[in-house]
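*Asks:* Would you be able to build a 3D model of this:
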Amino acid sequence: MNRLTLTLTSLLATICLHAGNNTPINGEVWLDTSGNPINAHGGGILHHGDTYYWYGEYKGKDTYRSPNIGWECYRTDFTGVSCYSSTDLINWNFEGVVLTPDPTNSTSDLHPTMVIERPKVIYNDNTKQFVMWMHVDDHNYWQATAGVAVSDSPTGPFRFIEAIRPNGAESRDLTVYKDDDGKAYLLYSSEGNATLYISRLTDDYLKQTGVYTRNFAGKSREAPAIFKNNGKYYIISSGCSGWSPNEAAYAVADNIMGPYELLPNPCTGVDADKTFYSQSTFALQLKDGSFIAMFDRWKKENLIDSRYVWLPIDINEEGITIPWTPTWTQNMETDVDKK
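*Replies:* Predicted structure coming up:
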């Protein structure tokens with residue numbers, strides 16, 4: 001473990017002794033500045049200006065299981081995509097529901113009966129638009145499309161454009177990544193979740209260029225979270241076991257399009273073989289060059305009560321590890337890279 005991660009881990013492990021009652025504890029309920037549970041599942045963070053925006057699934061109160069589905073298809077009706085803002089990654093203000101359902105049109109991709117998951121937002125410096133990509137599906141997960149929406153403001157409202165099968169292939173768990181050169185990429189599980197596609201987006205980030213690669217064919221990896229360090233690209237992912245936790249893995253490549261070497265579970269500590277009973281969703285870079293991994297701890301029978309787990313990523317010559325730490329620290333605000 002390197003010095004930066006040791007310092008970070010020490011802060012995470014001891015902050016409860018020094019911080020106030022708003023200290024987030026991994027796996028417990030995290031509250032916004034109004035005292036309400038943060039409802040932003042499967043999400044990601046955009047840093048724009050001096051503010052961090054956390055977008056996620058705004059889960060409804062009623063969880064139910066879709067009938068006649070071969071797997072444990074627990075879900076809630078689509079009630080929107082939420083946005084929270086913060087200047088310190090600790091105190092989160094609820095900005096509202098920035099992508100809303102369309103209850104009047106039963107054929108709409110945003111109808112409450114539809115599935116909207118894993119929203120991620122990036123900013124286009126040329127068009128000055130905030131672009132959201134998300135997994136859009138029907139109640140039985142057969143539609144398997146990726147949806148895109150845009151806004152002139154990070155706090156919305158976002159205008160939904162379309163849902164498509166990118167490059168003609170299924171798309172379920174996904175994330176979007178903006179590289180240092182401004183090019184953006186959509187990463188999505190496809191082919192029955194057996195293969196992860198990496199697809200270059202057009203310059204406006206709204207469509208596919210047709211340039212893509214197929215990765216981990218037959219390995220059944222989902223929930224991708226990507227980050228870049230010292231010219232190498234890392235993808236953290238989970239196996240495919242429905243809502244039940246499983247063992248994470250990661251991959252590394254010298255080019256974002258691959259080829260990637262799939263490597264074993266980076267998690268260490270108690271319950272590491274179950275990824276601490278959570279699943280990857282996003283990786284966030286900090287000012288000192290280190291990273292944190294964001295995970296969701298799903299509660300399949302009460303999805304609105306699913307919890308959050310944020311952990312440091314240790315990067316060394318041998319690869320990466322993600323050690324368990326119990327708390328998230330307000331001291332992290334000084335370590336965040338202001339891009």
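*Asks:* show me where pLDDT drops low in the stretch 1-150 of the chain?
*Replies:* By pLDDT under 70, the low-scoring segments of the stretch 1-150 of the chain are 1-22.
*Asks:* What ranges does it have for its helices?
*Replies:* Applying DSSP state H, counting those that start in this stretch to the stretch 1-150 of the chain gives helices spanning 3-14.
*Asks:* Give me the secondary structure label for the residue sitting nearest the centre point of the chain.
*Replies:* Most central in the chain under CA atoms, centre = their mean is residue 281, positioned 3.0 Å from the mean C-alpha point. Of the three states, residue 281 takes strand under DSSP: H, G, I helix; E, B strand; the rest coil.
*Asks:* pLDDT score for it?
*Replies:* Residue 281 is assigned 98 on the pLDDT scale.
*Asks:* Run a quick check on it versus residue 42, I expect a contact.
*Replies:* Yes. Using CB atoms under 8 Å, residue 281 is in contact with residue 42, at 5.4 Å. For the C-beta atoms, the positions are set from N, CA and C on the backbone; glycine is no exception.
*Asks:* Now the common contact residues for the two.
*Replies:* Shared contacts of residue 281 and residue 42 (CB atoms under 8 Å, 6 or more residues apart in numbering): 118, 296.
*Asks:* what sits against the residue nearest to the centre of the chain?
*Replies:* Per CB under 8 Å, 6+ apart, neighbours of residue 281: 42, 43, 44, 118, 175, 223, 225, 294, 295, 296.
*Asks:* Scan the residues you listed and report the most crowded one.
*Replies:* Within the contacts of residue 281, neighbour counts (other CB atoms under 10 Å) peak at residue 295, which reaches 29 neighbours.
*Asks:* Report the secondary structure element holding that one.
*Replies:* strand 291-297 (DSSP states H and E).
*Asks:* and that strand, average pLDDT?
*Replies:* Per-residue scores along strand 291-297 average to 97.
*Asks:* Not counting it itself, show me its contacts.
*Replies:* 27, 41-45, 225, 227, 229, 236, 275-286, 306-313, 315, 322, 332.
*Asks:* Which members of these occur in strands, if any?
*Replies:* Members of the contacts of strand 291-297 lying in strands (criterion: DSSP state E): 41-45, 225, 227, 229, 236, 279-285, 307-313, 315, 322.
*Asks:* Residue 167 and residue 208, how far apart?
*Replies:* 6 Å (CB to CB, to the nearest Å).
*Asks:* Which neighbours do these two have in common?
*Replies:* Contact criterion CB under 8 Å, 6+ apart; residues shared by residue 167 and residue 208: residue 199.
*Asks:* could you list every residue that touches residue 169?
*Replies:* Contacts of residue 169 (CB under 8 Å, 6+ apart): 190, 191, 197.
*Asks:* Redo those residues as JSON lines? Include secondary structure, pLDDT and neighbour count.
*Replies:* Shown next, in JSON lines, are those (DSSP: H, G, I helix; E, B strand; the rest coil; pLDDT from 0 to 100; neighbours: other CB atoms under 10 Å):
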{"residue": "190", "secondary structure": "strand", "pLDDT": "98", "neighbour count": "27"}
{"residue": "191", "secondary structure": "coil", "pLDDT": "98", "neighbour count": "15"}
{"residue": "197", "secondary structure": "strand", "pLDDT": "98", "neighbour count": "25"}
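*Asks:* ChimeraX command to pick out the buried ones of the contacts of strand 291-297?
*Replies:* Filtering those down to the buried ones (16 or more other CB atoms under 10 Å) takes a single ChimeraX command:
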select :41,42,43,44,45,225,227,229,236,275,276,278,279,280,281,282,283,284,285,286,306,307,308,309,310,311,312,313,315,322,332
